[in-house]
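Chemist: Return atomic coordinates for the entry below.
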Amino acid sequence: MELKYNLDFNDLADMQENVVRESKQHQKMKWIITILFAFLLFVTVLDASFTLVSLGIIILFVVISPIVYTKLTIFSLKRNLKNQNLNSILGNIVMHLNEEGISQRTGKNISSFKWDDFTILREDTEHYFLYMTDIQGITIPKRAISTEEMRKQFQYYYDTFLLPKIQNK
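Modeler: Model (predicted):
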């Protein structure tokens, strides 16, 4: 099966957002930062004077901090992506799926992945994300699967080679 599509900045940004929202690494970091700053805030409040208002502020911080972490991290990653030269990643992609795995050609770069390389599957309304690690993977825009025949072929590879392996973990 061959997929041809144009990978654009928004596709890459959507994958980074998915990583921040779903990866175990970012989940741990979000809670470590929240607990650390809540503890420091608590110690600072105890050093001054402890009141119900100060306790409310600490609780509010613990509730809001994970949301702020996620939004700031996504904003920062997108800003950093804009400042990078992404010509070797973005552009026209030709992807081949077969019984062995996936090969992907972007300009001069060719990458090959065996089905066993993928350990995590995620998707949103516009993409399939196939991850080798918690934070590293490839994006397949759903718009690349443009016909019913392509959808059936993709579903075959997805159901046969990806889904059983991931579900058994």
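Chemist: the longest helix in the chain is where?
Modeler: For the chain, the helix with the greatest residue count under DSSP state H is helix 52-82.
Chemist: packing partners for it?
Modeler: Judged by 3 or more Cβ pairs under 8 Å, 6 or more residues apart in numbering; DSSP states H and E, helix 52-82 is in contact with helix 9-22, helix 24-47. For glycine as for every other residue, the C-beta is placed from the backbone atoms N, C-alpha and C.
Chemist: Counting neighbours, which bits of the last one end up buried?
Modeler: For helix 24-47, the neighbour count (16 or more other Cβ atoms under 10 Å) marks 26, 30, 34, 41-42, 45 as buried.
Chemist: The shortest one now?
Modeler: Applying a neighbour-count criterion of 16+ other Cβ under 10 Å, the buried positions in helix 9-22 are 11-12, 14-20, 22.
Chemist: And for stretch 151-169?
Modeler: Result for stretch 151-169 [16+ other Cβ under 10 Å]: buried residues 153-154, 157-158, 161-162.
Chemist: Give me the three-state assignment for Met95.
Modeler: Assigned by DSSP: H, G, I helix; E, B strand; the rest coil, the conformation of Met95 is strand.
Chemist: Skipping adjacent residues, who's closest to the residue most central in space within the chain in space?
Modeler: With distances taken as Cα atoms, centre = their mean, Val19 lies nearest the centre of the chain, 2.4 Å away. Once flanking residues are discounted, Val19 sits nearest to Ile135: 5.1 Å by Cβ to Cβ, 6 or more residues apart in numbering.
Chemist: Just to check, the one you found is in contact with Asn18?
Modeler: No: checked against Cβ atoms under 8 Å, the pair Ile135 and Asn18 is beyond contact range at 10.0 Å.
Chemist: overlap in contacts of these two?
Modeler: Counting by Cβ atoms under 8 Å, 6 or more residues apart in numbering, Ile135 and Asn18 have no common neighbour.
Chemist: rewinding a little: from Met15, how far off is the residue nearest to Val19?
Modeler: Going from Ile135 to Met15 by Cβ to Cβ, to the nearest Å gives 10 Å.
Chemist: before we move on, what about Thr139?
Modeler: 5 Å.
Chemist: Mutual contacts of these two, please.
Modeler: In contact with both Thr139 and Met15: 127, 129, using Cβ under 8 Å, 6+ apart.
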